[in-house]
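S.K.: Provided below are the primary sequence and the corresponding predicted coordinates.
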Amino acid sequence: MKPKWSTIRSAPSCALLTMVRSRKMNCSCAATSMKPLRRYLDMPRVAMAPPARPSRNLAAPLRAAWMTNRQSRCARTLLGGSFPVSQDSLFGGPSPDNSAPSLPGKNLFATHAGSPLAARMRPQNLDEVVGQDHLLAPGKPLRRLVEGSGEASVILYGPPGTGKTTIASLIASQMGQNFVGLSALDSGVKQVREVITHARQELIHGRRTVLFIDEVHRFSKTQQDALLAAVENRTVLLVAATTENPSFSVVAPLLSRSLLLQLHSLSDDDLRGVAKRALESDRGLGERKIRITDEALDQLVLLAGGDARRTLTYLEAAAEAVDDGGEITPQTVTDNVNKAVVRYDRDGDQHYDVVSAFIKSIRGSDVDAALHYLARMVEAGEDPRFIARRLIVHASEDIGMADPTALQVAVAAAEAAQLIGMPEARIPLAQATIHLATAPKSPSVISAITQAQTDVAAGKVGHVPPHLRDGHYEGAKRMGNAVGYVYPHDDPRGVVEQQYLPDELEGSVYYEPTDHGAEKRVYDYIGRLRSIIRGNRGPGKNARRSR
């Protein structure tokens with residue numbers, strides 16, 4: 001049974017020490033977690049003498065001692081409750097007010113001697129941050145936030161390795177406010193609500209809470225909704241980071257309450273500067289005196305694909321293969337970094353961007369660009385069935401009657417990919433891509449069905465003409481169904497004058513062929529068909545002019 005705080009607060013020092021010892025006997029951390037309490041209990045007796053009436057002054061030192069030993073479960077038991085960890089343990093720096101408990105969080109930025117090079121080289125001030133001048137220049141919103149004058153919650157959106165977590169670490173180290181770091185990978189609604197509850201308490205004492213959430217796109221809708229009220233009334237200042245387009249991954253109410261700041265991939269010159277600084281800095285590889293050739297540096301930057309973290313990871317891998325004072329050559333990079341980063345995510349922004357570029361390249365008849373984007377999807381592990389479906393849709397939407405075989409090729413490629421699987425499926429997919437990209441193009445099919453649907457949606461439906469209605473059942477003809485229908489095959493031309501559209505749509509034109517590829521034959525033929533079918537009725541008031 002835990003002792004009540006009032007009991008501890010009023011206990012004489014000797015009784016308190018006995019109580020502590022009795023509760024620490026079975027704790028493996030006794031030697032270290034007892035030190036703060038011993039320091040308090042070993043103070044000069046003039047300060048320890050119990051007054052006639054129990055004093056409340058004992059509470060603050062005990063709580064301060066508990067915070068100094070924030071990881072001691074024994075101290076939590078002694079104090080009869082659970083308090084959040086201090087800012088010291090989260091971010092490796094002093095808390096603005098060590099006498100007050102800070103909010104629950106996680107150490108997202110701490111480093112040690114064995115940390116990866118990318119972690120050790122994380123910028124420690126704004127001057128070390130490369131790129132993102134559109135956000136970090138004087139007066140820009142992100143710089144104001146880092147310097148402590150920003151008031152709006154922000155969502156940092158950008159590819160990996162562009163500085164989102166780095167900026168969060170700078171906010172943690174430079175702002176004089178409480179800072180809490182959560183990762184969406186291992187945090188839930190409970191942790192979010194705990195942070196908000198403590199943030200309200202901090203506001204009473206005039207302390208603002210900055211809440212950083214990494215990988216916010218991994219939060220469910222319920223988890224994101226838990227933030228809405230606190231963000232809207234500024235109980236917390238939210239700094240959220242995501243690699244995926246917030247339009248797809250962040251709920252609209254949270255998006256509307258935050259300032260969306262997009263970080264761009266770093267330029268090649270930016271990445272060269274990052275690598276050179278790591279080679280020269282004592283935090284990086286400076287003590288090893290390693291050199292790198294310009295060709296090797298260019299190769300490393302190319303492989304990194306605009307990602308500073310990956311640049312340093314590749315540099316570290318190459319450096320491990322050379323001796324101190326040695327030189328990194330292109331061969332060193334080739335031997336130790338065997339594959340370039342492919343900027344692609346199967347569920348997010350890059351997924352849609354690359355497939356959009358793929359289809360638009362085919363539509364634009366740029367076969368080389370289409371093959372490039374196909375290769376990117378294949379290398380990133382995209383589902384070949386997804387690629388095949390897009391090819392099938394494109395074959396009808398953008399080629400259609402200009403090359404009716406395009407649809408057959410796309411369907412055959414889909415069946416082949418399903419049958420043989422990867423990696424061989426890339427071959428029929430490439431064949432279909434080449435066929436579609438080099439085929440003549442026509443949007444007439446998609447335009448025709450879209451216009452027809454538009455009329456139907458607008459209520460232009462009308463009644464089916466009586467002579468076209470079903471007449472196979474008994475009594476149909478007494479109702480006038482199928483009476484007067486002319487069978488086209490009875491005419492040598494195979495087509496006869498006859499009304500097919502409802503009266504309200506008589507004369508409407510939906511299909512307007514182009515003169516591209518095989519559709520040119522249809523272009524020349526359809527005029528004759530319509531003149532026979534409509535006869536003296538003409539195109540009608542709903543007709544649209546052919547191109």
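M.R.: Here it is on my side, so go on. All figures in this text were calculated on a predicted structure; none of them were measured in a lab. Residues are numbered from 1 along each chain as shown.

S.K.: which residues does the closest residue in space to V301 that isn't next to it in sequence contact?
M.R.: Leaving out its chain neighbours, the residue that sits closest to V301 by Cβ to Cβ, 6 or more residues apart in numbering is L271, at 4.5 Å. In this view, the C-beta of every residue, glycine as well, is placed from N, C-alpha and C. For L271, the contacting residues are V301, A304, G306, A308, T311, taking Cβ atoms under 8 Å, 6 or more residues apart in numbering as the criterion.

S.K.: wasn't L271 part of a strand?
M.R.: No. The assignment for L271 is helix, going by DSSP: H, G, I helix; E, B strand; the rest coil, so no strand is present there.

S.K.: measure it to L312 for me?
M.R.: 9 Å (Cβ to Cβ, to the nearest Å).

S.K.: what of Q453?
M.R.: When Q453 is compared with L312 (using Cβ to Cβ), they lie 54 Å apart.

S.K.: can you report how many residues neighbour R207?
M.R.: Using other Cβ atoms under 10 Å, the number of residues around R207 comes to 17.

S.K.: list the buried residues for stretch 190-198?
M.R.: Q191, V192, E194, V195, I196, H198 (16 or more other Cβ atoms under 10 Å).

S.K.: sketch out the low-pLDDT regions of the stretch 1-150 of the chain for me.
M.R.: In the predicted model of the stretch 1-150 of the chain, residues 1-114, 148-150 satisfy pLDDT under 70.

S.K.: mind telling me the two of the contacts of L271 farthest from one another?
M.R.: Spanning the widest gap among the contacts of L271 are V301 and A308, at 10.3 Å by Cβ to Cβ.

S.K.: hmm, T235 and A199 touching each other?
M.R.: Yes. A199 is within contact range of T235, at 5.0 Å (criterion: Cβ atoms under 8 Å).

S.K.: hey, what's in contact with both of these two?
M.R.: If you check A199 and T235 against Cβ under 8 Å, 6+ apart, the residues they both contact are T209.

S.K.: ok so, going back, who has more neighbours out of Q453 and L312?
M.R.: Counted by other Cβ under 10 Å, Q453 and L312 do not tie: L312 has more neighbours, with 27 against 11.

S.K.: excluding its backbone neighbours, what's nearest the more buried one?
M.R.: A118 is the one closest to L312 (Cβ to Cβ, 6+ apart), at 4.0 Å.

S.K.: low-confidence regions, the chain specifically.
M.R.: Regions of the chain meeting the criterion pLDDT under 70 cover residues 1-114, 148-150, 172, 175-176, 338-351, 536-547.

S.K.: for G471, see how far away the residue lying farthest from the centre of it is.
M.R.: The outermost residue of the chain, judged against the average C-alpha position, is R478 (65.2 Å), by Cα atoms, centre = their mean. With distances defined as Cβ to Cβ, the gap from R478 to G471 amounts to 10 Å.

S.K.: the helix or strand containing H394 packs against which elements?
M.R.: If you go by DSSP states H and E, H394 is part of helix 384-394. Packed against helix 384-394 by the contact rule (3 or more Cβ pairs under 8 Å, 6 or more residues apart in numbering; DSSP states H and E) you find helix 349-363, helix 367-379, helix 405-420, helix 426-438.

S.K.: got a list of contacts for stretch 362-369?
M.R.: With contact meaning Cβ under 8 Å, 6+ apart, stretch 362-369 is reached by A357, S361, A370, H394, D398, T433, I434, L436, A437, T438, K441.

S.K.: burial of the residue nearest to the third one when sequence neighbours are not counted, as a residue count?
M.R.: In this case it means A370. Nearest-residue entry for A370: S361, 4.1 Å, with adjacent residues in sequence omitted and distances by Cβ to Cβ, 6+ apart. A count of nearby residues for S361, using other Cβ under 10 Å, gives 20.

S.K.: how about L203?
M.R.: Neighbour count of L203, defined by other Cβ under 10 Å: 16.

S.K.: quick check, it in a helix?
M.R.: Yes. Under three-state DSSP, L203 sits within a helix.

S.K.: mind listing what the closest residue to it other than its chain neighbours touches?
M.R.: Computed as Cβ to Cβ, 6+ apart, the closest residue to L203 that is not its neighbour in sequence is T235, at 6.6 Å. The neighbourhood of T235, defined by Cβ under 8 Å, 6+ apart, consists of I196, A199, R200, L203, T209, A229.

S.K.: dump stretch 491-502 to CSV, restricted to CA.
M.R.: Extracted as CSV, the C-alpha positions of stretch 491-502 are listed here (Å, rounded to 0.1, in the frame of the first residue of the first chain):
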residue,chain,number,x,y,z
ASP,A,491,-31.6,-3.9,-95.9
PRO,A,492,-28.6,-4.6,-98.2
ARG,A,493,-26.7,-1.8,-96.6
GLY,A,494,-27.2,-3.3,-93.1
VAL,A,495,-28.5,0.0,-91.8
VAL,A,496,-32.0,1.6,-92.1
GLU,A,497,-33.7,4.9,-91.4
GLN,A,498,-35.1,4.6,-87.9
GLN,A,499,-35.4,6.5,-84.6
TYR,A,500,-33.4,5.1,-81.8
LEU,A,501,-33.0,7.9,-79.3
PRO,A,502,-36.0,9.1,-77.1
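
S.K.: show me which positions of it end up buried.
M.R.: Neighbour-count burial for stretch 491-502, with 16+ other Cβ under 10 Å as criterion, is recorded at Q498, Q499, L501.
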